[in-house]
Structure formats: C-alpha cells, structure tokens
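[1] curious how this folds, go ahead:
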Amino acid sequence: MPIGEFGGAPPLVAEGSPALTTPLYWMYEMAHASLNPARAVTDATKILFQNPLNPWTHTEFGKSVAAACELFERTTRRYGKPEWNLPTTEVNGIRTAVEVRSIWEKPFCRLLHFDRKLTRPLRNPQPRVLIVAPMSGHYATLLRGTVEAFLPTHEVYITDWADARMVPLAAGRFDLEDYVDYLIEMLHALGGNIHIIAVCQPSVPVVAAVSVMEASNDPFVPLSMTLMGGPIDTRRNPTAVNNLAEERGIDWFRNNVITKVPFPHPGVMRDVYPGFLQLNGFISMNLDRHMDAHKALFANLVKGDGDLVDKHREFYDEYLAVMDLTAEYYLQTVDLVFVKHALPKGEMTHRGKPVNPAKIRRVALMTVEGEKDDISGLGQTEATHALCTAIPNHRRVHYVQKGVGHYGVFNGSRFRSEIVPRISDFMVSAANTRLSLVAAAE
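    Sure thing, here's the model as predicted:
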C-alpha cells in the first residue's frame with residue numbers, strides 16, 4: 001500500500017524461522033508458562049494466610065506473607081483487557097443506565113456506542129461525539145475517565161482498537177492508511193452530525209481523514225474536530241520521545257522491536273511491536289516511581305488500608321494491560337510522524353493522493369495542550385492551525401491547560417472541570433455555525 005514517494009510501509013524483518021526472527025517473544029511466553037507452578041503455590045499460600053481460621057492471619061508475619069504473595073502475583077500476571085465499568089451516568093440530574101454496544105466492526109477495530117437508556121426524551125438533542133482512542137499500546141479503556149466526563153452531556157462513541165496478537169494472519173495487514181480508511185468508514189456509519197475528538201496519537205490520522213473527506217467534498221465530514229496532545233509537528237519543542245525516534249531512525253526500530261506473534265495466540269506469525277516491549281519502555285521511564293508504588297502497596301496491605309490498595313489496583317490493572325501493534329502500522333507512524341514529519345511538510349499521502357489540511361473548510365478546529373506535557377511538547381498540536389488555512393478564525397480555538405502533563409489533558413479533575421466545558425461550548429458553537437451556513441445556502 002504505497003505512501004506516495006516513500007514507497008509504502010518500511011519493509012519488515014527478514015522472513016525466516018520464528019526461532020531465529022522472534023526469540024524474544026517466544027522466550028517471554030515460555031517465561032510466563034514456567035511461572036505457572038510458582039503462581040499456583042503463591043495463590044494457595046495467600047489464601048492460607050488470609051483465612052480467618054488461621055491464627056497466623058492476624059499477626060504481622062501472616063499479613064506480610066499474604067502481602068508478599070499478592071505482590072508476586074501482580075508482578076508476574078499478564079493483564080487482560082480491562083472492562084469499561086461504566087454502568088450508569090447522570091443525565092439532567094437523573095441516574096441513567098448505560099449499555100456499551102458495538103455498532104460497527106472490522107478485524108482491527110470496533111466502534112462502541114455508550115447507549116444511555118433514557119427514561120424520557122431530551123428536550124434538546126445533545127452533541128454526538130466520536131472519541132478516537134490512541135492505538136499506542138494501551139487499550140481504549142485508558143480513556144474511561146474521558147468517556148465518563150462526556151457521558152452526562154453527550155452521546156458518546158469510541159474506537160476500540162484490537163490487540164494485533166488476537167487478529168488471525170488471514171485478516172490481512174493494518175497500516176496507517178487502513179487507519180485513515182477506518183475513520184472515514186466510521187464517520188459514514190455514524191451518518192454525519194457528529195464531532196470528532198482525537199486523543200494524542202490519533203491526531204495525525206484524524207487530520208488526514210478529514211482532509212481526504214474535504215478534498216472529495218464528502219457530506220459526512222464531522223461538524224468539528226478536537227485534537228488533544230497530538231504529535232502534529234514534533235519539530236516544535238521536541239520531547240525525549242521525539243528525539244529518540246529521530247536519533248535511532250526507522251532501521252533501529254525495524255531491527256530491534258519488531259517480532260512475530262508466537263503460538264498459541266490467534267495472530268500467530270503476524271509481525272508486531274509487542275505490548276511487553278512497550279510496557280518495558282513505559283516502566284523504565286519512571287522506574288523509581290513504580291518501585292515506590294509497589295513498596296507502598298506492600299505496606300498498605302499489611303496495614304489493611306483498603307482504600308489505598310484499591311486505588312493502586314485500579315491504576316495498575318489499567319496501566320499494565322497492553323496490546324500488540326501491527327508492525328506495518330507502528331513503523332509507518334514512527335517514520336512518517338516522528339522521523340520525516342510528513343504531514344506538516346506537506347508530504348503525506350493517502351492511497352497515492354496528497355493529504356492537504358488546507359482543504360478543510362467546513363470543520364471547526366480546536367486544539368488542546370498541557371502546559372507540562374512531556375510526550376507531545378507545547379506547540380506540536382497547535383501547529384494544526386497553521387496547516388488548516390481555510391478554516392475561518394472564528395471557527396478555531398487553541399487552549400493550553402495550566403499545570404497538567406500529558407495524562408491530564410484527557411483525564412483527571414482539571415480535565416473534567418476546565419477542559420470538558422470548553423470543548424462542549426466549542427462543539428455547540430461549531431454546530432450552530434454549521435446550521436446557519438446551511439440555512440443561508442438554502
């Protein structure tokens with residue numbers, strides 16, 4: 001699948017025996033399998049020392065043994081995909097049940113709808129929002145707080161990207177162009193009258209998808225697009241993450257982090273950037289902090305501080321749940337976004353045609369950045385405004401949230417109290433402007 005002058009996705013590692021091309025993934029699987037007997041003994045020991053009939057349970061020694069067993073179990077566990085755990089929301093002061101339904105599906109993604117079971121019709125329709133979750137290692141449930149914040153006042157949809165190791169090889173490849181195609185198909189499936197929000201990594205493909213749709217005068221373009229902490233132009237205020245990509249170059253990533261999915265996963269022999277390598281990178285960036293957190297967990301388990309233990313479990317159950325990315329998608333993203341800066345240079349293409357953000361004219365634009373973002377530096381997302389020259393000034397907004405880092409751009413108390421209201425107001429304004437333009441045209 002060609003990407004203009006760049007000739008398509010970078011070639012994958014040389015074909016050959018999986019024992020030669022993917023030893024790291026196979027060794028990882030064998031290590032997990034070898035730990036099963038130890039995990040079984042640890043689980044039995046934990047149950048023994050948590051049994052109220054065991055006199056040791058109520059001693060410092062017994063509590064320490066049970067705490068050590070839980071730490072061993074948690075540090076050797078493979079964390080599965082978390083649940084959404086959003087059974088209800090409050091709409092106009094009324095507690096309302098929420099059903100999560102898949103309304104569109106392809107091999108590498110599902111489109112989920114958080115269907116609010118309203119007991120009475122709303123007096124005024126609320127904005128419909130498509131949240132594009134990052135496909136960068138964690139599951140879409142990382143945006144649980146984002147969804148929860150929008151649910152009371154919006155009709156919410158979200159992209160639920162698939163774990164590449166769970167997609168059979170027969171389903172074909174998935175690269176950055178396919179990503180853009182998926183977004184366009186989802187917008188068509190939703191039938192227009194929708195706002196789109198890109199959280200971090202999806203900012204580039206969202207701008208590309210909207211540009212392609214505008215160039216073809218597609219009637220299903222979104223009313224507005226909001227980009228949050230996205231790497232539109234990583235040449236601006238580059239971070240350690242950006243510098244690493246440029247210093248290493250695409251060949252280093254191709255030769256050092258790409259591997260094949262081993263048996264018995266459904267995606268066996270698929271070329272991927274595995275989740276466990278990504279997790280190693282996440283943790284190594286702040287190793288001391290994670291070690292301190294687990295020391296605190298041990299101490300809180302012994303003390304019996306249930307609230308702090310539950311907070312630790314909730315955070316790390318999400319943080320340690322990672323998924324594999326297809327190699328072609330990962331390498332294209334690194335190459336085009338972080339090394340060649342194809343979009344801001346005007347060199348990005350889709351299916352052989354130029355991606356030109358200057359074609360965007362009917363879609364309002366909002367960019368949001370965090371003052372202390374160490375992943376997407378200040379100015380990287382704002383750069384979108386310089387590319388989308390056809391959008392009138394009164395239909396574009398840039399906002400910098402003081403005192404937050406990357407995660408705080410889409411989650412946390414300041415996100416809920418300061419960012420969400422601004423995005424909501426922006427959406428209402430964008431929709432009203434579109435309606436007035438339609439009325440004038442008629």
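[2] end-to-end on stretch 109-124?
    Counting by CA to CA, to the nearest Å, you get 31 Å between the two ends of stretch 109-124.
[3] where in the stretch 1-150 of the chain is pLDDT low?
    1-22 (pLDDT under 70).
[4] ranges for the helices of it?
    With helices called from DSSP state H, counting those that start in this stretch, the stretch 1-150 of the chain shows them at 18-21, 23-34, 36-50, 60-76, 144-150.
[5] pick the most deeply packed of the ones you listed.
    Scoring those by mean neighbour count under mean count of other CB atoms under 10 Å gives helix 144-150 as the most buried, with a mean of 22. C-beta here means a position set from N, CA and C on the backbone, and glycine is covered the same way.
[6] now find how far off-centre the helix or strand containing residue 309 is within its chain.
    Element membership for residue 309, per DSSP states H and E: helix 306-319. The chain centre lies 20 Å from the centre of helix 306-319; the measure is CA atoms, centre = their mean, to the nearest Å.
[7] buried residues in it?
    Going by neighbour count (16 or more other CB atoms under 10 Å), the buried part of helix 306-319 is 309, 312, 316-319.
[8] circling back to that earlier point, let me have the helices of the stretch 1-150 of the chain in TSV, adding distance to residue 334 as columns.
    Formatted as TSV, the helices of the stretch 1-150 of the chain follow (distance: least, CB to CB, whole Å):
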stretch	distance to residue 334
helix 18-21	20
helix 23-34	19
helix 36-50	35
helix 60-76	29
helix 144-150	25
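[9] of all those helices, which lies closest to residue 173?
    helix 18-21 (17.2 Å; CB to CB).
[10] what about the closest residue to residue 63 other than its chain neighbours, how many residues close to it?
    Leaving out its chain neighbours, the residue that sits closest to residue 63 by CB to CB, 6 or more residues apart in numbering is residue 302, at 4.7 Å. Number of residues near residue 302 (other CB atoms under 10 Å) recorded here: 17.
[11] cool, residue 374 as well?
    Neighbours of residue 374 (other CB under 10 Å): 12.
[12] show me where the protein has strands.
    Using DSSP state E, the strands of the chain run over 88-91, 94-106, 109-116, 128-132, 155-161, 195-199, 224-228, 259-260, 271-273, 325-326, 349-350, 353-354, 364-370, 396-401.
[13] ok, which of these comes nearest residue 217?
    strand 353-354 (13.9 Å).
[14] partners of the closest one in the sheet?
    strand 349-350 (antiparallel) (DSSP bridges).
[15] what is the mean pLDDT for the partner strand?
    Taken as a whole, strand 349-350 carries a mean pLDDT of 94.
[16] circling back to that earlier point, residue 298: which of the helices of the stretch 1-150 of the chain is closest?
    Checking the helices of the stretch 1-150 of the chain against residue 298 by CB to CB gives helix 60-76 as the closest, at 5.0 Å.
[17] tell me what angle the closest one forms with helix 23-34.
    Interaxial angle of helix 60-76 relative to helix 23-34 (axes from the mean of the first three to the mean of the last three CA atoms, to 10 degrees): 150 degrees.
[18] returning to that earlier point: who wins for proximity to residue 384 among the helices of the stretch 1-150 of the chain?
    helix 144-150 (19.6 Å).
[19] same for that closest one, what does it pack against?
    Applying 3 or more CB pairs under 8 Å, 6 or more residues apart in numbering; DSSP states H and E, one finds that helix 144-150 contacts strand 128-132, strand 155-161.
[20] what's near enough to touch the spatially most central residue of the chain?
    Closest to where the C-alpha atoms of the chain average out (CA atoms, centre = their mean) is residue 134, at 2.5 Å. Contact partners of residue 134, counting by CB atoms under 8 Å, 6 or more residues apart in numbering, are 142, 199-202.
[21] likewise residue 92?
    For residue 92, the contacting residues are residue 122, by CB under 8 Å, 6+ apart.
[22] what are the phi and psi angles of the closest residue to residue 358 other than its chain neighbours?
    Leaving aside its sequence neighbours, residue 358 sits nearest to residue 389 (CB to CB, 6+ apart; 4.9 Å). Phi and psi for residue 389, reported as degrees, to the nearest 10, are phi -70, psi -20.
[23] if we can go back for a sec, would you tell me which of the helices and strands packed on helix 144-150 gets closest to residue 47?
    Among those, the nearest to residue 47 by CB to CB is strand 155-161 (34.8 Å).
[24] kindly calculate the angle that that closest one makes with strand 128-132.
    Using the same axes, to 10 degrees: strand 155-161 against strand 128-132 is 20 degrees.
[25] partner strands of strand 155-161, with direction?
    strand 109-116 (antiparallel), strand 128-132 (parallel).
[26] re the thing from before, and of the contacts of residue 134, the nearest to residue 244?
    residue 201 (15.4 Å).
[27] ok, the closest one touching residue 232?
    No. Using CB atoms under 8 Å, residue 201 makes no contact with residue 232, being 10.9 Å away.
[28] between those two, who's got more neighbours?
    Under the criterion of other CB under 10 Å, the comparison of residue 201 against residue 232 puts residue 232 first, with 27 against 22.
[29] roughly how far does the more buried one sit from residue 305?
    Distance, residue 232 to residue 305, using CB to CB, to the nearest Å: 43 Å.
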